[in-house]
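**Q** just to be clear, the model below is a prediction. Sequence and coordinates:
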Amino acid sequence: MPSKSKQTKKSNASTAPKATAAEEAKQQPPNWPAIQPLLPSSDLSLVSLLPDQILTIPHFWTSTLCKTYVNFLASLSLTTTPGKPKKGDAVRVNDRFQIDDPAFAEKLWSGTALRELLQNPIIDGEALNKDDASALWGGEVLGLNSNVRIYRYSKGQFFDQHYDDSNNIVFPSSSVPSAVPAKTTWTLLLYLTSPATGCQGGETVFYPDPPSKRDAAPPPVVASLEVGMALLHRHGKDCLLHEGREVTEGEKWIIRSDICVKR
Ligand SMILES: O=C(O)CCC(=O)C(=O)O
Ligand SMILES: [Fe+2]
């Protein structure tokens, strides 16, 4: 379990800079390209990068789809985050686009293999029973956070070490009649670029806690960029310190959301 003290350290800037409610209401969702072509969920699986903490889904999106999205996302008006963070926020230098879009979050969940892979998890070939699945995700999985974030890191940009917060939300955010109180428990990162597309650096690096204060820190866990790979990691009180390393060549594009469970 992570120590209490880290809760005071730099936390994710997942919500900064914040648009006012009025600004958010005004923002029209973009006309996202169709999420296809995709590999069938039977061809995909959850792979553990660090047991119980970091999972990946290689080829979650095809390279064709990633290419379509990078071209499309480049047409959106991205905002460069200020180099000087608010007190307590991690230094993050990248260009971002943030939208509350329940329909897109739902497509990313049900229109891909994600729902099947998370509701009936098989990790490294081993199927989890219902209780173990619920313990893994932190409750009954509902889907993805409608707060969708797009990040572009160009050469020299990075996301300094931080923890991602868990947020209480109402799921799905905009459909009030069927809304369910929910909380986010895992971060979803979807990598659209890699060295294969000319992006060097930009790896997401995790720093596991030592088993006890007397032990040496375990080696960092490096998630190298792979086109179309999804990465899931625990956040909130169980989040590992992590960073997005500096991009040294080309552009790194990711789509970020979170797994939501009933609260
Ligand atoms: O860009 C990355 O590799 C990490 C992004 C991240 O940590 C975040 O969105 O909270
Ligand atoms: Fe993060």
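**A** Looks like it arrived, so ask away. All values reported here derive from a predicted model rather than from experimental measurement. Ligands and ions are numbered 1, 2, ... in the order given.

**Q** report the buried residues of stretch 139-149.
**A** 139, 141-149 (16 or more other Cβ atoms under 10 Å). No exception for glycine: its C-beta is placed from N, CA and C like everyone else's.

**Q** in helices, which of those fall?
**A** Among those, DSSP state H puts none in helices.

**Q** tell me, what's the model's pLDDT at residue 166?
**A** Residue 166 carries a pLDDT value of 98.

**Q** mind listing what the residue of the stretch 101-250 of the chain at minimum distance from ligand 1 touches?
**A** At 2.9 Å from ligand 1, residue 244 is the closest residue in the stretch 101-250 of the chain, using Cβ to the nearest ligand atom. Contact analysis of residue 244 by Cβ atoms under 8 Å, 6 or more residues apart in numbering lists 94, 151, 153, 158-159, 202-204, 252.

**Q** and residue 133, what is it in contact with?
**A** So residue 133 contacts 119-121, 141 (Cβ under 8 Å, 6+ apart).

**Q** work out for me the element it sits within.
**A** Using DSSP states H and E, residue 133 maps to helix 130-137.

**Q** flag the shaky bits of this protein, pLDDT-wise.
**A** 1-26, 82-85, 90, 173-177 (pLDDT under 70).

**Q** what's the burial count for the residue nearest to residue 95 when sequence neighbours are not counted?
**A** In space, and not counting its chain neighbours, residue 95 is closest to residue 78: 3.9 Å by Cβ to Cβ, 6 or more residues apart in numbering. By other Cβ atoms under 10 Å, 16 other residues sit near residue 78.

**Q** pretty sure residue 78 is touching residue 97, no?
**A** Yes - under the criterion of Cβ atoms under 8 Å, residue 78 makes contact with residue 97 at 5.0 Å.

**Q** quick one: buried residues of the helix holding residue 133?
**A** For helix 130-137, using 16+ other Cβ under 10 Å, the buried residues are 133, 136-137.

**Q** top of the contacts of residue 244 by neighbour count?
**A** residue 252 (30 neighbours).

**Q** quick one, what contacts it?
**A** Residue 252 neighbours (Cβ under 8 Å, 6+ apart): 151-153, 157, 191, 193, 199, 201-202, 225, 244.

**Q** contact partners for the residue of the chain positioned farthest from its centre?
**A** Note on the chain: the largest C-alpha distance from the chain mean falls to residue 214, namely 31.9 Å (Cα atoms, centre = their mean). Applying Cβ under 8 Å, 6+ apart to residue 214 gives no contacts.

**Q** okay, now residue 125: neighbour count?
**A** 8.

**Q** surely it and residue 48 touch.
**A** No - if you go by Cβ under 8 Å, residue 125 and residue 48 don't touch, sitting 10.5 Å apart.
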